[in-house]
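1. Would you be able to build a 3D model of this:
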Amino acid sequence: MAPMARTVARSLGNPCSNGVANCGRRGVFGYGDQVVTRCPGFKIKPDRVQPRGPASLANLSTKSGQAHHGLTAPRQRSIMTVVMTRVTREHIIANRALPRERLRDRIFESAIDLFRRRGYDSTTIEAISKRAGVAKGTLFNFFPSKGAILLEHYRSLDHEFGRAMAAMPPQNPCAALVRFFGKAERLLRSEGSLIDDIVREIAVDATIRAADESSGRRDRAQWSEYVAACQAEGEIAAEVDPAVVGLVIADLWSGSVQEWIRGGKSYSLRSRLAAKLKVLFFGLEPRRRARRGN
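-> Numbering: from 1, shown residues only. Below you'll find the model as predicted:
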């Protein structure tokens with residue numbers, strides 16, 4: 001018997017010689033780390049407890065509303081309530097002791113882990129709450145829906161892409177882009193099938209689609225700034241409009257990623273993009289050399 005159940009039995013002042021916790025006819029039911037104790041020989045009704053166990057239990061008095069161990073039906077119900085309350089309160093107290101940000105992170109990480117393992121559609125709010133060890137109400141305090149969790153994950157991925165883009169050097173832009181796309185591929189592959197779920201949800205979820213469209217506008221602006229930095233280094237012709245080049249790179253990336261995902265991610269995205277970038281940057285180089293020789 002768990003120490004908690006023994007403590008509860010003693011705290012009730014039970015007149016039974018052995019105490020409820022040590023009663024040979026009791027039942028112990030475990031739900032994770034929760035312990036519920038009751039005597040299975042009786043069926044609790046509003047006004048009395050009726051014996052349903054062995055005949056030897058029939059000698060127990062129920063005429064005055066007294067049940068096994070000398071407790072009335074409401075009092076026996078209180079045993080269940082006390083035990084469940086004490087167990088549940090431990091979880092509540094433990095959760096309340098955590099800073100809100102840590103509790104939120106625990107819910108978020110539990111959800112993303114389940115999304116990756118089971119798939120987004122197959123993961124329920126109940127499963128997320130159970131994995132995080134919180135009530136559904138606590139989850140909804142931080143995330144109003146399952147989609148809100150996926151949206152936050154999309155934004156975190158987008159932030160990682162933005163950081164990688166910002167770190168690209170303006171020297172030798174073709175090689176820098178190939179390295180960036182290699183990092184991007186590794187990040188996408190680390191998501192497993194969840195990246196497929198995200199792409200699908202972009203098409204059907206208006207909120208995530210709006211976030212993706214906003215991300216696209218930021219990416220195009222960032223690519224334009226990068227091209228301008230390359231122009232300042234003399235790596236890209238000054239007469240080229242950086243906004244147009246930024247659009248070309250953004251379209252090259254988004255189109256290639258969608259094709260790669262539809263193809264089951266069965267080939268190297270980095271290698272495919274590297275071949276396209278070489279055409280973009282050096283495809284007309286022999287012709288330029290020929291003009292220089294004239």
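
2. shouldn't residue 254 be in contact with residue 215?
-> No: if you go by CB atoms under 8 Å, residue 254 and residue 215 don't touch, sitting 10.3 Å apart. The way it works is simple: take the backbone N, C-alpha and C, and place the C-beta from them, glycine included.

3. and the two? which has more neighbours close in?
-> residue 215 (18 against 13; other CB atoms under 10 Å).

4. Quick check: which helices or strands does the strand or helix carrying that one pack against?
-> Element membership of residue 215, judged by DSSP states H and E, is helix 206-232. The contact analysis (3 or more CB pairs under 8 Å, 6 or more residues apart in numbering; DSSP states H and E) places helix 206-232 against helix 146-166, helix 173-190, helix 194-204, helix 242-262.

5. want to throw those into CSV with distance to residue 140?
-> Output for these, formatted as CSV (distance: least, CB to CB, whole Å):
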stretch, distance to residue 140
helix 146-166, 10
helix 173-190, 29
helix 194-204, 20
helix 242-262, 31
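
6. Adding mean pLDDT, write these out as CSV.
-> Shown next, in CSV, are these (pLDDT from 0 to 100):
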stretch, mean pLDDT
helix 146-166, 96
helix 173-190, 96
helix 194-204, 95
helix 242-262, 94
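
7. Ok, which of these comes nearest residue 274?
-> helix 173-190 (4.6 Å; CB to CB).

8. Okay, buried residues for that closest one please.
-> 173, 176, 177, 178, 179, 180, 181, 182, 183, 184, 185, 188 (16 or more other CB atoms under 10 Å).

9. again, but for stretch 105-112
-> Neighbour count says stretch 105-112 has 106, 107, 108, 110, 111, 112 buried, by 16+ other CB under 10 Å.

10. residues touching the fifth one, list them.
-> The one in question is residue 111. 123, 128, 131, 132, 143, 146, 149 (CB atoms under 8 Å, 6 or more residues apart in numbering).

11. how about a cut-off of 10 Å?
-> 120, 123, 125, 127-129, 131-132, 139, 143, 146, 148-150, 152-153 (CB atoms under 10 Å, 6 or more residues apart in numbering).

12. which stretch of helix or strand covers it?
-> Per DSSP H and E: residue 111 is located in helix 100-118.

13. same question for that helix, mean pLDDT?
-> Mean pLDDT, helix 100-118: 95.
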